[in-house]
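Enquirer: give me coordinates for this.
(one chain, ligands or ions: 1)
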Amino acid sequence: MPQLNEREQWGSKLGFVLAAAGSAIGLGNIWKFPYVVGQNGGAAFIIIYLLCVAMIGLPVVIAEILVGRTTQRNPVGAFKALSKSKFWPLVGGMGVLAGFVILSFYAVVAGWSVGYIYEAAAGRFAEFKTPEIAGNHFNNLTANVYWGIGMLALFMIMSMTFVYAGVKKGIENGSKIMMPILFLLLIIVMIRGLTLEGGDKGLEFLFNPDWSKVTGTTILEALGQSFFTLSLGMGAMLTYGSYMTRKDNIPSAAVEIVFLDTLIALIAGVAIFTAVFATGQNAAEGPGLIFQTLPIVFTKMPGGYIIAILFFILLTIAAITSAISLLEVVTAYFIDEKKWKRHNAVLVFGGLAFIIGIPSALSFNLMKDFTLFGLNFFDLANYLSANIMLPLGGLLLAIFVGYIWGIDKAFSELKNGAEKLFEKSKLRVKIWAILVKYLAPVLIFLVLLQSLGILQKLLDFFSEII
Ligand code: PHE
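Expert: Numbering: from 1, shown residues only. The predicted structure follows:
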């Protein structure tokens, strides 16, 4: 494959792993994972989620990184380089678009997190005597047009700064500093949760499965969550993989990324549920868990003032390293394919993502009643990208690697940097191929049907017949 002379590369494998783990670890782990676990009854959901991560997430992460490293291109260019058909580059294009759409609403929630650092530091949480007061405070903030858009702008500028500085200087160095801080802060918050009286009830909720709560939907929801949290299906892992060299070991890097992502989700779960149970809050609160329930938890715990500030700083860091990867996909596309300068691409598309983010921010105030297909702008962007574009992208990627590019060619590329694995445990490599070719496409297809609401109709149909 011809190498573009000016294309940047990671300084080290560790740099790549931290940057890719930075992409994976984000609002999906700390904001979404706990509330989804809460809504789906706890431990049983976690076990199914772990199986999805290991059996589908990991193999697809490897496949995505591999396509990127092989072609040294953005998602569109990568498919162009590996197939003659006009269809596959469109799949890459859908990924670039999905990244853009995700960034626009993701940055809105991340902006709230930035705003909450200030709320925490200003001591606002001390006034939260009841859940209603905390909820009203959150609603008032998001109803304020200037607050919503201002925080969105602030977050977008922070993320753009790293991408602007480049792959090695910005993304890699930024991740090397931010990721260890994130781990440290999260561990502090977890220890605080574990040492609270009554926190063990939270652990029980997380690790003592109640199988009666599991339904077909739970399984499909767990798979969807594993996709979002691993940044799969839109070319983020592919683009990060394109800055790797052939000397780097992809399977071992992928295992490390997936392990870190899962570990952080579990630690976040422990930190949040020990605190929620110790202070007698509702675990099944939903998306407001972090912004409405957690501040009350902080007021009720000793040391809560500091912990609250640390918590929203770490949430912001996690969101920045994910937003960076979303912006990098679009940026890489315009650098590779349209020969743009990095700086121009970052300014134009960071700016554009901010503008598209505005209607998402306004979905909580001025544009609340403006709906398409029954959803406001924020929910629509969220639904379209996470529930449709990502699973579709992941499904097509697995089919591409399994059947179009072909497992044999994939094997010969995967071998570079992982010679030992191929010599010693051929079996593991074969299992990977089977998962990519058969299990991943079938299961992802089911999730997609579920997102579109078709599966439910089919199940109803069959249960009527029977
Ligand atoms: N994985 C990120 C998170 O958990 C979200 C994300 C999705 C980032 C897709 C990049 C691509 O928050």
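Enquirer: how much space separates L375 from the ligand?
Expert: Here the criterion is Cβ to the nearest ligand atom, to the nearest Å. By it, L375 lies 19 Å from the ligand. For the C-beta atoms, the positions are set from N, CA and C on the backbone; glycine is no exception.
Enquirer: my guess is that residue contacts Y383. True?
Expert: Yes - between L375 and Y383 there is a contact under Cβ atoms under 8 Å: 6.1 Å.
Enquirer: could you pull out the helices for the stretch 351-466 of the chain?
Expert: Remark: helices assigned in the stretch 351-466 of the chain by DSSP state H, counting those that start in this stretch are 377-382, 390-399, 407-414, 419-424, 426-434, 440-451, 454-465.
Enquirer: out of these, which is closest to I356?
Expert: helix 377-382 (8.0 Å; Cβ to Cβ).
Enquirer: residues making contact with that closest one?
Expert: Identification of contacts with helix 377-382 by Cβ atoms under 8 Å, 6 or more residues apart in numbering yields 101-102, 104-105, 108, 359-364, 367, 370, 372-373.
Enquirer: buried ones in stretch 90-105, by neighbour count?
Expert: Of the residues in stretch 90-105, 91-105 count as buried by neighbour count, 16 or more other Cβ atoms under 10 Å.
Enquirer: report the entries of these that also contact the ligand.
Expert: Restricting the buried residues of stretch 90-105 to those near the ligand by Cβ under 6 Å from any ligand atom leaves I102.
Enquirer: inside helices: which ones of the buried residues of stretch 90-105?
Expert: Among these, the members falling in helices (DSSP state H) are 91-105.
Enquirer: just the buried positions in the strand or helix carrying M151, please.
Expert: Assessed by DSSP states H and E, M151 sits inside helix 145-164. Using 16+ other Cβ under 10 Å as the burial criterion, the residues of helix 145-164 that qualify are 147-149, 151-153, 155-156, 158-160, 162-164.
Enquirer: so what's M190 up against?
Expert: M190 sits in contact with 267, 270-271, 274, where contact means Cβ under 8 Å, 6+ apart.
Enquirer: how far away is V346 from the ligand?
Expert: For V346 relative to the ligand (Cβ to the nearest ligand atom), the value is 16 Å.
Enquirer: didn't that residue look like it was pressed against F334?
Expert: No - contact criterion Cβ under 8 Å: V346 and F334 do not qualify, at 9.4 Å.
Enquirer: which one of the two is surrounded by more residues?
Expert: Remark: of V346 and F334, V346 carries more neighbours, 26 against 19, as counted by other Cβ atoms under 10 Å.
Enquirer: what pLDDT does the closest residue to the more buried one other than its chain neighbours get?
Expert: Spatial nearest neighbour of V346, chain neighbours left out: Y164 (4.6 Å); criterion: Cβ to Cβ, 6 or more residues apart in numbering. The score at Y164 is 90. That number is its pLDDT.
Enquirer: so Y164 makes contact with N344?
Expert: No - Y164 is not in contact with N344 according to Cβ under 8 Å; the separation is 10.1 Å.
Enquirer: so which of the contacts of M190 are in helices?
Expert: Among these, the residues falling in helices (DSSP H) are 267, 270-271, 274.
Enquirer: K32: what's it in contact with?
Expert: K32 sits in contact with 225, 228-229, 287, where contact means Cβ under 8 Å, 6+ apart.
Enquirer: now list the buried members of those.
Expert: With neighbours counted by 16+ other Cβ under 10 Å, those contain buried members at 225, 228-229.
Enquirer: filter these down to the ones near the ligand?
Expert: Among those, proximity to the ligand is found for 228-229 (Cβ under 6 Å from any ligand atom).
Enquirer: in JSON lines: the buried ones among the contacts of K32, plus pLDDT and secondary structure.
Expert: Converted to JSON lines, these look like this (pLDDT from 0 to 100; DSSP: H, G, I helix; E, B strand; the rest coil):
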{"residue": "Q225", "pLDDT": "87", "secondary structure": "helix"}
{"residue": "F228", "pLDDT": "91", "secondary structure": "helix"}
{"residue": "T229", "pLDDT": "95", "secondary structure": "helix"}
